[in-house]
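> Build the 3D model from these lines:
(one chain, ligands or ions: 2)
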Amino acid sequence: MITIEGKSVFSGVEIGKLYYFSKKKAEILQQIIEDVDAEMARYYQARETAVEQLEGLFTKALNEVGESNSLIFQIHQMMLMDDDYNEAIENLVRNEKNNVEYAVQKTAEDFSAMFAAMDDEYMQARAADVKDISNRILTILSGGDDGGFVMDEPGIVAASDLAPSETIQLDKSKVLGFATQFGSSNSHTAILARTMAIPAVISLGESLTEEMNGHMAIIDGYTGVLYVDPDEETLKTMTAKREESLREKAELEALIGQDNVTKSGRKINVYANIGSIDDANSAMACDAGGVGLFRSEFLYLDSRDFPTEEAQFAAYKAAAQIMDGRKVIIRTLDLGADKQVDYFNLGKEDNPALGYRAIRICLTQPEIFKTQLRALYRAAAYGNIAIMFPMIISVKEIHRIKEIITEVKEELRREGKKFREDVELGVMIETPASVMISRDLAKEVDFFSVGTNDLTQYTLAIDRQNEKLDSFYDSHHPAVLAMIKMAADNAHAEGKWIGICGELGADTTLTQTFVDMGIDELSVSPGMVLRVRRQVRECE
Ligand code: PEP
Ligand code: MG
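Ligands and ions are numbered 1, 2, ... in the order given. Reported below is the predicted structural model:
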């Protein structure tokens, strides 16, 4: 038995034959050609065929994996028509008299190296796309088909990594799981696995080899392990684990498309918490009604310098578009305390959790705040975006936020930039102060979202990071529950809605309590959405 450890991108257990997706590469030789026009005509013909194929794949993907996951094939069509890409090929053919196969391959290598060298993780992932479109052209030029990956029975698909056009060729009904040597949690394989809700393990490295093709394997998406040629005992344990996971999965999947309604017919919104654009795909895959908390600080944590307005605008817009009209509540940056970034130069503090963090940074460095608000208001023109503010302790803060928003809108208007005027605004209820003044806060905003992680920390005076205090950190503490109830009553007294986006929202032993309090929304990690839906449906 060979045991290979990787990184799980979706849970579940599957057992089956390993199908190694081999990327057959015809060797391409550099040749000097005479008739450059004829050579370019071959290229244009191949490109036209490629665009047609991609259109076909787009339609197929649209039916199988939905709009957001099929857009990649439209992007590929655009990439094939990209001026820079085409000029590079033409230059190698016309000016340097290379054969078109060589020109395409060379351009693919140059462009993918350029993408791979970029700082932005998303752009790095595009290196695979450039190779993918170029390979398509090369296959067409060589008169070949798409590689013909055939699975004669259901199995686990293994590969170095899979490009979108490769994943779409797969017969989904036969794919039990994905195991890849490389890839990131942003990779198409990971996205597809999350969309299909099948176990996937990436980063297995070179220990996963093509020679394993046809061997029996077990993929454990809970632990991120791939077993090849499993021994009797592992097979027995894993078979039991698989049965258990399948039972639960089927039960949960039956809830996709169902309402989150209690037995007496009260509807609760079950949304997802996300920390990246990619997570929005997971939110959609589990049929979340929206995003209840988009932790925008990920953009700052992933950067070596302040993310620009454009980068933020693109990220928020992308998340909203993936969510396809469902509400996306984006929280303004919540840095400080445990979330430090060098370029903010926040300095060392004795009590960072009680220190310079979140809205306190935004209100004292309005230029940083304004950049984010500009991006948010602009992105809101393209989707159902709402904004919420973390660590609020006073009405004065809301007034100041509103003044800054007014300035931001005036600037955008002056500049003729497209933005949305009436974005819903909310506050996080995560300090005892915000609970105590929740009636006044509710007059100022459209909604509340309870951050139970911090609310527990500040109510019980227990550092949420300190492992030694785990046994004292009791989020079921009556004081915490009373706080949530008080905020709920005050929100409703002012006709506003209230959700919970802290971890406690996913605690299904409390779902009935939250329903009784009149909580309108529970925002939980994507993997918990259907579990919470199931629990809501069992509530009175
Ligand atoms: C919370 O405090 O409960 C919360 C949702 O925010 P974070 O965990 O990001 O502080
Ligand atoms: Mg918090």
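> separation between residue 152 and residue 16?
Distance of residue 152 to residue 16, computed by CB to CB, to the nearest Å: 12 Å. C-beta coordinates here come from the backbone N, C-alpha and C atoms, glycine included.
> who's more crowded, the two?
Per other CB atoms under 10 Å, whichever of residue 152 and residue 16 has more neighbours is residue 16, with 19 against 8.
> Isn't that one up against residue 156?
Yes - if you go by CB atoms under 8 Å, residue 16 and residue 156 touch, sitting 5.3 Å apart.
> which residues sit against whichever strand or helix holds residue 441?
Assessed by DSSP states H and E, residue 441 sits inside helix 438-444. Helix 438-444 is contacted from outside by 392, 395, 398-399, 402, 427, 429, 434, 448, 486-487, 490-491, 493-494, 496, using CB atoms under 8 Å, 6 or more residues apart in numbering.
> let's go with 6 Å and repeat that
395, 398, 427, 487, 490, 491, 494, 496 (CB atoms under 6 Å, 6 or more residues apart in numbering).
> Spell out for me the ChimeraX command that would select the buried members of those.
The ChimeraX command for the buried members of the contacts of helix 438-444 (criterion: 16 or more other CB atoms under 10 Å) is given here:
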select :398,427,487,490,491,496
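> Give me the subset of the contacts of helix 438-444 that lies in strands.
If you go by DSSP state E, the contacts of helix 438-444 have residue 427 in strands.
> With pLDDT and distance to ligand 2 added, can I get the contacts of helix 438-444 in CSV?
Formatted as CSV, the contacts of helix 438-444 follow (pLDDT from 0 to 100; distance: CB to the ion, whole Å):
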residue, pLDDT, distance to ligand 2
395, 98, 20
398, 98, 17
427, 98, 12
487, 98, 14
490, 98, 20
491, 98, 18
494, 98, 23
496, 98, 20
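> For residue 16, see how far away the closest residue to residue 344 other than its chain neighbours is.
Leaving aside its sequence neighbours, residue 344 sits nearest to residue 335 (CB to CB, 6 or more residues apart in numbering; 6.2 Å). With the distance defined as CB to CB, residue 335 ends up 45 Å from residue 16.
> mind listing the strands for the stretch 1-150 of the chain?
For the stretch 1-150 of the chain, the strands defined by DSSP state E, counting those that start in this stretch occupy 2-5, 7-10, 13-20.
> Now those in JSON lines, please, with extra columns for mean pLDDT and distance to residue 519.
Shown next, in JSON lines, are the strands of the stretch 1-150 of the chain (pLDDT from 0 to 100; distance: least, CB to CB, whole Å):
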{"stretch": "strand 2-5", "mean pLDDT": "97", "distance to residue 519": "40"}
{"stretch": "strand 7-10", "mean pLDDT": "86", "distance to residue 519": "29"}
{"stretch": "strand 13-20", "mean pLDDT": "96", "distance to residue 519": "34"}
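> Of the ones you listed, which is nearest ligand 1?
Evaluated over the strands of the stretch 1-150 of the chain, closeness to ligand 1 peaks at strand 7-10, with 21.9 Å, by CB to the nearest ligand atom.
> and the residue nearest to residue 102 when sequence neighbours are not counted, how many residues sit next to it?
Here the nearest residue to residue 102 in space, its sequence neighbours aside, is residue 30; by CB to CB, 6+ apart that works out to 4.4 Å. Residues lying near residue 30 (other CB under 10 Å) number 13.
> Surely residue 30 is in contact with residue 101?
No - look at residue 30 against residue 101 with CB atoms under 6 Å: they stay out of range, at 8.8 Å.
> what number of residues lie near the nearest residue to residue 70 once chain neighbours are set aside?
Among residues not flanking residue 70 along the chain, residue 61 sits closest, at 3.5 Å (CB to CB, 6+ apart). Residue 61 sits with 23 neighbouring residues when counted by other CB under 10 Å.
> Local confidence estimate at residue 61?
In this model, residue 61 is scored at 77, pLDDT.
> Kindly report the same for residue 195.
63.
> quick one, helices of the stretch 51-200 of the chain?
For the stretch 51-200 of the chain, the helices defined by DSSP state H, counting those that start in this stretch cover 67-80, 83-90, 100-116, 121-125, 127-141, 164-169, 188-196.
> Output those helices as CSV; include the columns distance to residue 417 and mean neighbour count.
As requested, the helices of the stretch 51-200 of the chain are exported to CSV (distance: least, CB to CB, whole Å; neighbours: other CB atoms under 10 Å):
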stretch, distance to residue 417, mean neighbour count
helix 67-80, 24, 18
helix 83-90, 26, 15
helix 100-116, 29, 19
helix 121-125, 23, 16
helix 127-141, 30, 21
helix 164-169, 33, 23
helix 188-196, 31, 24
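> Throw the strands of the stretch 1-150 of the chain into CSV and include distance to residue 245, thanks.
What follows is the strands of the stretch 1-150 of the chain, written out as CSV (distance: least, CB to CB, whole Å):
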stretch, distance to residue 245
strand 2-5, 19
strand 7-10, 11
strand 13-20, 5
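> Compare those strands and give me the one nearest residue 279.
strand 7-10 (11.3 Å; CB to CB).
> So for that closest one, what gets flagged as buried?
8, 9, 10.
> For the second one, which non-adjacent residue is closest in space?
Think residue 9. Using CB to CB, 6+ apart, the closest residue to residue 9 is residue 190 (4.1 Å).
> And the pLDDT at that neighbour?
77.
> how close does it sit to ligand 2?
Distance, residue 190 to ligand 2, using CB to the ion, to the nearest Å: 27 Å.
> same deal with residue 151?
46 Å.
> same deal with residue 98?
Distance from residue 98 to ligand 2, by CB to the ion: 57 Å.
> what's around that residue, how many residues?
With other CB under 10 Å as criterion, residue 98 counts 22.
> ok, which residues in the protein are in contact with ligand 1?
293, 295, 334, 430, 451, 452, 453, 454, 501, 502 (CB under 6 Å from any ligand atom).
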